[in-house]
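In: with the input below, show me the fold.
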Amino acid sequence: QVQLVESGGGLVQAGGSLRLSCASSGRTFSNYAMGWFRQAPRKEREFVACISWNGGSTHYADSVKDRFTISRDNAKNTVYLQMNSLKPEDTAVYYCARGIGNYVVTVANEDNYPDWGQGTQVTVSS
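Out: Below you'll find the model as predicted:
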């Protein structure tokens, strides 16, 4: 089994930045794509970003494109989500997830992510 542990969440003012980290253990991290999802209060969980096994391919939700950057360090078994120009509507619990393979073709489909972290809270004040 894979264990995923997110960190880096917190409270930030609108326009600010945060970097989330997700440390992985239990499987060969570099074999798998990784994704970030989020769930705001009273809303369904939604796709945020995904990165292929070697970082060569990334995908973003339209709502975060040009503001968020996903990256990974396979030597550290860690995936990151750099979040800039944060908005109050970015407030959510952010989850990282392991992709089902090297790439995830349908990036927004949660069924393609068999392992999930416990989430980290991000709160953006206006």
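In: how about whichever strand or helix holds S21: buried residues?
Out: Assigned by DSSP states H and E, S21 belongs to strand 18-25. Along strand 18-25, these residues count as buried under the neighbour rule (16 or more other Cβ atoms under 10 Å): L18, L20, S21, C22, A23, S24. No exception for glycine: its C-beta is placed from N, CA and C like everyone else's.
In: who are the packing partners of that strand?
Out: Here strand 18-25 touches strand 3-7, strand 34-39, strand 78-83, strand 92-98, strand 120-125, going by 3 or more Cβ pairs under 8 Å, 6 or more residues apart in numbering; DSSP states H and E.
In: spatially central residue in this protein, please.
Out: For the chain, the residue nearest the mean C-alpha position is W36 (2.2 Å; Cα atoms, centre = their mean).
In: hey, what's that one bridged with?
Out: A49, C96 (DSSP bridges).
In: what about V122, how many residues nearby?
Out: Residues within reach of V122, counting by other Cβ atoms under 10 Å, total 22.
In: so it makes contact with P88?
Out: No. Between V122 and P88 there is no contact under Cβ atoms under 8 Å: 10.8 Å.
In: over to the residue nearest to W53 when sequence neighbours are not counted. Which of the three states is it?
Out: Closest residue in space to W53, ignoring its immediate chain neighbours: N102 at 4.2 Å, by Cβ to Cβ, 6 or more residues apart in numbering. At N102 the chain is in coil, as set by DSSP: H, G, I helix; E, B strand; the rest coil.
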